[in-house]
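J.: make a model of this:
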Amino acid sequence: MIVERFLEWIGTAPVARRAEGCHVLARSYLFSVLSADERDGLEAAMTVLLDDSAVAVRFALAHALGDSDKAPHHIILALSEDQPHVAALVAERSPLLLDTELVDLLATREEVIQIAIARRPVVSWAVAAAVSEVATAEACLELLCNSGARVPRFSLDRMVDRHGDDPELRETLLLRNDLPLDVRQILVGNLTSRLETMLCERNWLSAERAEKVLREARDKATVVMAFEAPAAQIPALIRRLIADEDLTPALLVRAVAGGQTLFFIHALAQLSGVPATRVEALVVSGRAANLKALLEKAKLPAATFPAFAAAIDVIRQFDGSEDAGSDYRRATHLIDAIIQRFQANPDRNIEQILGLLRRFATEAKRDAARIYVKQVLAAA
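T.: Okay, here's the model as predicted:
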């Protein structure tokens with residue numbers, strides 16, 4: 001009887017009142033004790049409300065049913081195909097929508113629906129992959145900010161490929177602790193490329209100067225990231241650098257001069273085709289002939305050999321137990337020792353490499369000085 005009266009009433013009731021009545025009807029279906037006939041009647045009434053010409057009524061229905069696992073699935077599915085702000089309610093909240101249904105919505109609906117799906121309390125691996133593949137940058141950003149989303153590694157790659165130039169998404173990715181090192185390197189490369197374009201367009205630096213400054217900044221960031229990342233991610237970083245033609249002799253000199261021997265070992269392994277364990281053994285042996293043979297096999301410039309030899313020799317004797325960031329002297333000891341050893345080389349045709357090492361030393365000392373000042377001020 002109640003359902004019959006409701007159906008008669010909605011034929012003449014104003015929109016606001018119909019929306020209120022719709023909400024009450026839906027909540028009654030979810031939470032009232034009903035007979036089978038009463039439940040069927042309420043479900044039929046809600047199904048009819050899907051055809052109501054007023055969006056507000058359908059919105060009220062979505063609002064009432066959206067987060068319930070007891071809602072009729074056919075009503076939820078119909079609402080997911082409604083006007084965007086109606087569909088977004090159930091797309092974000094309904095536990096009844098299957099992954100396949102969510103993937104279909106991602107591919108065929110507006111950005112607001114994509115964002116709603118990316119915000120779901122739990123986003124499965126498959127749905128996250130679909131978001132990264134077809135959704136807008138804003139939806140991908142929502143996914144990255146969702147702690148309930150399971151985002152596979154290849155989806156991070158896909159987001160970078162599709163939206164790596166988006167500043168906010170790039171920043172969000174770089175702040176993730178689980179971002180693989182090689183993906184981080186791509187984002188740093190994107191950022192430096194955009195900075196180079198901006199510097200040249202605004203005539204702040206010449207193209208040659210901008211390229212040099214930003215390449216050195218990117219190389220420095222790469223070495224810093226290599227220190228901070230798990231050792232298991234170094235090989236993938238090296239492969240990425242080789243593929244992008246960014247594994248330059250200057251970067252290798254910077255890495256080894258900074259004490260990043262793991263980076264150096266894996267780079268030599270991939271450039272020479274010698275297994276990393278064998279390269280490590282040859283480097284640790286300290287024999288100059290072994291190192292020279294490796295460098296030649298890796299096809300590195302002969303002019304860089306003395307720098308590598310000096311760095312490896314110093315690192316082998318360097319007290320690794322020292323905390324390089326504890327004070328100014330320790331933070332700069334390694335690079336100073338490498339330069340001193342390198343300068344002892346009788347070959348005077350290596351001034352370019354010496355100049356490179358001195359620039360690295362300048363950077364290291366300035367960074368160490370900033371840390372030292374912070375430590376002194378914090379202790380005061």
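J.: residue closest to the middle of this structure?
T.: The centre of the chain sits closest to Leu173, judged by Cα atoms, centre = their mean, with a distance of 2.9 Å.
J.: following element in sequence after the strand or helix carrying that residue, please.
T.: Secondary structure assignment for Leu173, by DSSP states H and E: helix 167-174. Using DSSP H and E, the helix or strand that follows helix 167-174 towards the C-terminus is helix 181-201.
J.: which parts of that next one are buried?
T.: Within helix 181-201, the residues that count as buried by 16 or more other Cβ atoms under 10 Å are 181-192, 196, 199-200. Yep, even glycine has a C-beta here, placed from its N, CA and C like the rest.
J.: what comes up buried for the helix or strand following that helix?
T.: Heading C-terminal from helix 181-201, the first helix or strand you meet, by DSSP H and E, is helix 207-228. For helix 207-228, burial by neighbour count (16+ other Cβ under 10 Å) applies to 210-211, 214-216, 218-223, 225-226.
J.: so what touches helix 207-228?
T.: For helix 207-228, contacts defined as Cβ atoms under 8 Å, 6 or more residues apart in numbering pick out 181, 184-185, 188-189, 192, 195-196, 199-200, 204-205, 234, 237, 241, 246, 248, 250-251, 254-255, 258, 260, 262-263, 359, 363.
J.: quick one, it and helix 181-201 angle?
T.: Relative orientation of helix 207-228 and helix 181-201, computed by axes from the mean of the first three to the mean of the last three Cα atoms, to 10 degrees: 160 degrees.
J.: next one: helix 207-228 to chain centre, how far?
T.: The chain centroid and the centroid of helix 207-228 are separated by 19 Å under Cα atoms, centre = their mean, to the nearest Å.
J.: lowest-confidence one in the buried residues of helix 207-228?
T.: Here the lowest pLDDT out of the buried residues of helix 207-228 sits on Ala210, with 69.
J.: what strand or helix carries Ala293?
T.: Counting by DSSP H and E, Ala293 is found in helix 288-297.
J.: quick check: buried residues in the helix or strand of the chain with the lowest mean pLDDT?
T.: Lowest on mean pLDDT, DSSP states H and E among the helices and strands of the chain sits helix 2-9, with a mean of 71. Neighbour counts over helix 2-9 (16+ other Cβ under 10 Å) mark Val3, Phe6 as buried.
J.: just checking, what packs against that helix?
T.: On a contact count with 3 or more Cβ pairs under 8 Å, 6 or more residues apart in numbering; DSSP states H and E, helix 2-9 meets helix 15-31, helix 36-49.
J.: appreciated, that's everything.
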